[in-house]
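S.K.: Take a look and give me a structure for this.
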Amino acid sequence: MLLSLLACGASDGVLSESGITTSVALPIFLTTPESESLHNQTERALAKHIRSARETIDVAVYDFGLELPAQELAVAADNGVTVRVVTDGDEMDEEGILMLQESGIEVVYRPEGDRIMHHKFAVVDGQSVWTGSTNWTETGTTMNNNHAMLLTSTELADRYTDEFEQMFFGDFGSDKEASNEHSAIALDSGGTAQVWFSPQDEPVDELLSAIAAAESEIYFMIFSFTRDDVVDALVDAQDRGVNVLGIFDESQARMSYSVDEDLADAGVPVYIDGNDNTSGFSGGKLHHKVMIIDPGVNNTVITGSMNWSTSGNSSNDENLLVLQGTGIDKTLMQDFCQQLSMATKHDMAPKGSAPCRARPPVEVIDASCPADGEDPASCVIINEFLPNPSGSDRGQEFVEIVNTSEEDISLEGWSLSDEASSDRHVFSGILAAGAGLVVFDMGEHDDIPTAVVSTSTYLSLNNSGDTITLHDASGEDIDVVSYTTSADGVSWNRERDGLAPLVADDWTYHDELSTLASSPGTLADGSEF
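M.R.: As a prediction, the model looks like this:
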């Protein structure tokens, strides 16, 4: 299955200090357990959203332990803003809820021991909605992998307000009335949103419909996934040629009712998350409820608070959002790639076509190189590269170039570039037919006779994503690869090692091809070019 360049290449997003991906119009906030520098950025963004209120704030949140948002709600109430809160009765002793009670803010609880009020949303001034998978706790914002979004639309805010008021006035679960209005709503930031609420709207039907409409790719990150009908829909999608790949939370995958084994046994590639930032049962979870469908094409993202379980669909108070054309598919795909780089393939699962590999600039169908009418120079390829060596990067980063044609090629004036520099290395001399050479960022590599050192600046490939381009003497692009993440100490390698590109997803980590982490100057099996 050929994967979309937009979904799998380097992201256009730039993560600012606030944690917002600035190139995406719709603000989205990703928790980053692996990055101390961004801890609590979601909490700060939430507090800022609350602080913007001038008239009303309605909060429906399952678990509320964060001090800063509680303080902001108390200040807002003191300033005359009407603050209303709904939470779950089993969580009424959380620090944030106790602070609200002390401030005199009215809090309504779904009865204890019942199914849960599992929302994580806030509506401000009837204009904007904060929602996503993130509980308002230290664990939710700094230890678990989560996301939250800020959607601006009075119509969408009205639909969330209706859900809120049913609960605030005492109707939870099956006592709530269904809405007949689920049409797509235009967001102020661009794109559209549709929302369904559990249990009255049976949101899983919309999840199934979205899967059925997928044309080429489905990627998901999920905390709890227990529904057989969603398994069947994903298997059906794969059977009709859709590339399906998913990551399960490790703690939930260990449960007997999780469907990770069912998917793996049916031939769907699934992985188990590698968030090791654990602190007891509540720490270190992959807590997303995200599905990304046809990224870069149809731009469909499924999100919200609802796990793909019977309780999530039929008993709890939940929301499920279907977003299209918002641009957050790029950001979520970048996060998916980050999680995939830390995840472990399920023991029963087949190898999948990961969306995080670099992509050649063209798809070449003919196995011979050059194809009829092509210049033999087009057969010079980037075959292997190492962006993130173990320990110090200096002296270790490399890019391996191979001439896959049957003719010697003059590299005089050719150059190698990345996103930060147009001429990391300028080549000279002849690259013989079937030969390869390796460009290192600095230092001597006497054990690799074909090694050269970058001539202009250090390679300095970005660990979190970059684009490497091989140019001929006229500046024409000969080969281009992009990646959005890189494993520590393991190079990227073409699956068809040392051959011209034949398919667009012809990249994998080197240790999937051999027992070594890399093989600069030789083929993956150690043989000479």
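S.K.: For stretch 66-74, buried residues please.
M.R.: Neighbour counts over stretch 66-74 (16 or more other Cβ atoms under 10 Å) mark 66, 68-74 as buried. Where you see a C-beta, it was placed from the backbone N, CA and C, and this is true even at glycine.
S.K.: Helices - which of those land there?
M.R.: 68-74 (DSSP state H).
S.K.: which one of the buried residues of stretch 66-74 sits closest to Met143?
M.R.: Closest approach between the buried residues of stretch 66-74 and Met143, by Cβ to Cβ: Leu66, at 13.0 Å.
S.K.: Out of the ones in helices among the buried residues of stretch 66-74, give me the two with the largest separation.
M.R.: Within those, two members stand farthest from each other by Cβ to Cβ: Leu68 and Ala74, at 10.8 Å.
S.K.: next SSE after the helix-or-strand element of the chain with minimal mean pLDDT?
M.R.: Using mean pLDDT, DSSP states H and E, helix 5-8 stands out as the lowest-scoring helix or strand of the chain, at a mean of 34. Counting by DSSP states H and E, the next helix or strand C-terminal to helix 5-8 is strand 28-30.
S.K.: what packs against the very next helix or strand once past that following strand?
M.R.: Next along the chain after strand 28-30, taking DSSP H and E as the criterion, comes helix 41-51. If you count contacts as 3 or more Cβ pairs under 8 Å, 6 or more residues apart in numbering; DSSP states H and E, helix 41-51 packs onto strand 28-30, helix 67-78, strand 120-124, strand 128-132, strand 147-152.
S.K.: how about helix 41-51: buried residues?
M.R.: Within helix 41-51, the residues that qualify as buried are 41-47, 49-50, counting by 16+ other Cβ under 10 Å.
S.K.: can you give me the helices in the stretch 201-350 of the chain?
M.R.: Using DSSP state H, counting those that start in this stretch, the helices of the stretch 201-350 of the chain run over 204-213, 228-239, 250-253, 260-265, 310-314, 328-342.
S.K.: Which stretches in the stretch 101-250 of the chain count as strands?
M.R.: Using DSSP state E, counting those that start in this stretch, the strands of the stretch 101-250 of the chain run over 106-110, 120-124, 128-132, 147-152, 185-186, 192-198, 217-222, 243-248.
S.K.: Ok, which of those strands comes nearest Trp308?
M.R.: Per Cβ to Cβ, nearest to Trp308 of the strands of the stretch 101-250 of the chain: strand 217-222, 6.1 Å.
S.K.: domains for this structure, by residue range?
M.R.: 9-345, 376-512 (automatic domain parsing).
S.K.: what's the span of stretch 58-65 from first residue to last?
M.R.: 17 Å (Cα to Cα, to the nearest Å).
S.K.: just stretch 221-241 next, same as before
M.R.: Termini of stretch 221-241 sit 20 Å apart (Cα to Cα).
S.K.: Buried residues, that stretch. List them.
M.R.: In terms of neighbour count (16+ other Cβ under 10 Å), stretch 221-241 has its buried residues at 221-227, 230-231, 233-235, 237-238.
S.K.: I'd like those residues laid out as TSV, including pLDDT and distance to Phe169.
M.R.: Converted to TSV, these look like this (pLDDT from 0 to 100; distance: Cβ to Cβ, whole Å):
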residue	pLDDT	distance to Phe169
Met221	97	35
Ile222	98	32
Phe223	97	30
Ser224	97	29
Phe225	98	33
Thr226	98	31
Arg227	98	31
Val230	98	33
Val231	98	38
Ala233	98	36
Leu234	98	38
Val235	97	42
Ala237	97	41
Gln238	94	45
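S.K.: any idea which of these is closest to Val61?
M.R.: Distances from Val61 to the buried residues of stretch 221-241, taken by Cβ to Cβ, are shortest for Phe223, at 16.4 Å.
S.K.: how close does that closest one sit to Leu286?
M.R.: Remark: distance between Phe223 and Leu286 (Cβ to Cβ, to the nearest Å) = 6 Å.
S.K.: what is in contact with the two at once?
M.R.: Common contacts of Phe223 and Leu286 (Cβ atoms under 8 Å, 6 or more residues apart in numbering): Asp249.
S.K.: Show me the shaky parts of this protein.
M.R.: 1-25, 34-39, 277-282, 351-368, 371-373, 500-505 (pLDDT under 70).
S.K.: Grab the nearest non-local neighbour of Leu263.
M.R.: Leaving aside its chain neighbours, Leu263 sits nearest to Val270 (5.1 Å; criterion: Cβ to Cβ, 6 or more residues apart in numbering).
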